[in-house]
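[1] following is a predicted model, sequence given first.
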Amino acid sequence: MNFFRLHNISLIIFLLSSTVYSQVIEVCKSCDISTIKEGILQAEDHDTLLIKKGTYKEYNIDVNKPLTLLGEDFPVIDGELKGEIIKVTADNVTLDGLFIINVGTSYTEDYAAVRVIRSKNFLIQNLVLEKLFFGIYLEKSSDGRVYHNKIIGDAEEEYNSGNGIQLWYSQNIEVDKNIVTHVRDGIYLEFSNFCKITNNISSHNIRYGLHFMFSNDDLYERNTFQNNGAGVAVMFSKKIEMYHNIFKDNWGSASFGVLLKEINDSEIIGNIFESNTIGINIEGSNRINYKNNDFINNGWAIKSRGACYANHFINNNFMYNSFDLAYNSKLNDNKFESNYWSNYTGYDLDKDGVGDVPYRPVKLFSYVVNRTPEAIILLRSLFIDIIDFSEKVSPVFTPDNLLDAKPKMKMIAHD
């Protein structure tokens, strides 16, 4: 079902369910009320402004009472590049079915198409946002939903662009089924806890598809992060759940599917990391369960840069990566068990589906490339096969216990 048809159905349902205790106030060029600002001024609490199709050249619209702003056939609100367009400062506000364009640009203020400030129980849905600085910006708000919006920026550089959906000091927010593209960071969270980020597509953004810091107890599920500048950055947070997401086609000298920095007590389960320079880049992250993930055709499936302890890698598929694992420490208490490794050349004499010889995922050449990146040009040479074999026989640069003692012989089927 396409975006516009879904909105029309929701519009009909909403109008049919309106109660006798609220009014529907029509806004149009030929109506008694011809501007959105005038409609808000005239409305009582819990009224609905039905904004008819047309173009409304307005900005700094302050929704300061509990109202519904409902667009019919996607009316255009044109901010004419003058500043912020809609600001929500009341609880129980709904914005639905609006086409918002031409947000102002400022390097001292983060102008947004929609800013929500200290609001509760809000709903932002079915919006189309274009020609923007920031898209939807939530500030010290809670118990709201950002649903089924399309955010299309035209960002070219980090310094003069904003983020698609931003949460700052906001709690218990649901961000679901949004499309975000061509902005700085697709979705950005800072000091925002107990949030659910689900079913979104964040692609072709200048920096990160998803970026969050100091945000705990959040769920990220069934999102697609593809073709972003540096992938996804996850920093200084704990109790994170990342389930069934796709991290794909994030290529570049400093790019990755996911960067984990100072992440603790979390789960990364059922995700796909495909065709990234680095699938997961890990630093200072502990007690994380990596389970049922697929690492496919990455430069490095995993790079562990130290200070990573008590992590478990179980039932993952490592398929056709140039390097499965880069590891820069002689100490290891991380557990690798029952993974499938396409580079495994062992045997299974008892036919139980488990290799009889342990697999060592760290190659000596991976260690060399970490120290001397230019050596990558030797990747397919016979010399490299020889030194990798020597490290396998007598490990010198990698921990003796860094191995998978029960490698699977066949790819693991993940739901």
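    Yep, that arrived.

[2] and Asp218, what does it touch?
    By Cβ atoms under 8 Å, 6 or more residues apart in numbering, the contact set of Asp218 is 189, 192-197, 212, 237, 240-241. (Each C-beta comes from the backbone N, C-alpha and C, glycine too.)

[3] 7 Å instead, please
    For Asp218, the contact set (Cβ atoms under 7 Å, 6 or more residues apart in numbering) comprises 193-195, 197, 240.

[4] of those, closest to Ser338?
    Ile240 (23.5 Å; Cβ to Cβ).

[5] which parts of the stretch 1-150 of the chain are helices?
    Ranges of helices in the stretch 1-150 of the chain, per DSSP state H, counting those that start in this stretch, are 3-17, 36-42.

[6] before we move on, the earlier item: scan the contacts of Asp218 and report the most crowded one.
    Ile197 (27 neighbours; other Cβ atoms under 10 Å).

[7] picking that back up, hey, least reliable of the helices of the stretch 1-150 of the chain by pLDDT?
    Ranked by mean pLDDT, those bottom out at helix 3-17, which scores a mean of 61.

[8] dump the contacts of Asp218 into a markdown table; add secondary structure as well.
    Output for these, formatted as a markdown table (DSSP: H, G, I helix; E, B strand; the rest coil):
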| residue | secondary structure |
| --- | --- |
| Asn193 | coil |
| Phe194 | coil |
| Cys195 | coil |
| Ile197 | strand |
| Ile240 | coil |
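
[9] just give me the closest of the residues you listed to Glu84.
    Closest to Glu84, out of all of the contacts of Asp218 and judged by Cβ to Cβ, is Cys195, at 23.1 Å.

[10] quick one: the closest one and Ser119, what's the gap?
    15 Å (Cβ to Cβ, to the nearest Å).

[11] count of neighbours near the closest residue to Lys408 other than its chain neighbours?
    Computed as Cβ to Cβ, 6 or more residues apart in numbering, the closest residue to Lys408 that is not its neighbour in sequence is Tyr340, at 4.2 Å. For Tyr340, the count of nearby residues is 20 (other Cβ under 10 Å).

[12] list the contacts of Tyr340.
    Contacts of Tyr340 by Cβ under 7 Å, 6+ apart are 317-318, 408, 410-412.

[13] repeat the analysis, applying 8 Å as the threshold.
    By Cβ under 8 Å, 6+ apart, the residues touching Tyr340 are 316-319, 407-412.

[14] now for the residues you listed: which two are most distant?
    Going by Cβ to Cβ, the pair spanning the contacts of Tyr340 furthest: Asn316 and Met409, at 14.8 Å.

[15] between the two, which is the more surrounded one?
    Remark: of Asn316 and Met409, Asn316 carries more neighbours, 29 against 16, as counted by other Cβ under 10 Å.

[16] helices of the stretch 301-415 of the chain, residue ranges please.
    364-371, 382-393.

[17] quick revisit: what is the most widely separated pair among the contacts of Asp218?
    Asn193 and Ile197 (12.5 Å).

[18] quick check: pLDDT value at Arg184.
    97.

[19] please name the residues that touch it.
    Counted by Cβ under 8 Å, 6+ apart, Arg184 has contacts 153, 155, 158, 161-163, 205-207.

[20] would you turn these into TSV with neighbour count and pLDDT?
    Formatted as TSV, the contacts of Arg184 follow (neighbours: other Cβ atoms under 10 Å; pLDDT from 0 to 100):
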residue	neighbour count	pLDDT
Gly153	26	96
Ala155	22	91
Glu158	11	87
Ser161	22	92
Gly162	23	95
Asn163	30	97
Asn205	29	97
Ile206	20	96
Arg207	19	95
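
[21] from those, pick the one nearest Leu41.
    Nearest member of the contacts of Arg184 to Leu41, counting by Cβ to Cβ, is Gly162, at 29.1 Å.

[22] wait, that closest one touches Gly135, no?
    Yes: under the criterion of Cβ atoms under 8 Å, Gly162 makes contact with Gly135 at 7.4 Å.

[23] what's the overlap in contacts for these two?
    112, 153, 183.

[24] which ones among those residues lie within strands?
    Members of the shared contacts of Gly162 and Gly135 lying in strands (criterion: DSSP state E): Ala112.

[25] with respect to Asn401, which of the shared contacts of Gly162 and Gly135 is nearest?
    Asn401 has its nearest neighbour among these in Val183, at 44.3 Å by Cβ to Cβ.

[26] find the nearest non-adjacent residue to the closest one, please.
    In space, and not counting its chain neighbours, Val183 is closest to Gly153: 3.8 Å by Cβ to Cβ, 6+ apart.

[27] and the longest strand for this protein?
    The chain, longest strand under DSSP E: strand 258-269.

[28] please save the CA atoms from that one in CSV.
    Extracted C-alpha coordinates of strand 258-269, given in CSV (Å, rounded to 0.1, in the frame of the first residue of the first chain):
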residue,chain,number,x,y,z
VAL,A,258,28.4,-0.7,12.8
LEU,A,259,30.9,1.1,15.1
LEU,A,260,30.5,0.0,18.8
LYS,A,261,32.4,2.2,21.2
GLU,A,262,31.9,1.8,25.0
ILE,A,263,28.8,-0.4,24.6
ASN,A,264,28.0,-2.8,27.4
ASP,A,265,25.4,-5.5,28.4
SER,A,266,23.7,-5.6,25.0
GLU,A,267,22.4,-8.0,22.4
ILE,A,268,23.1,-8.0,18.6
ILE,A,269,21.0,-10.8,17.2
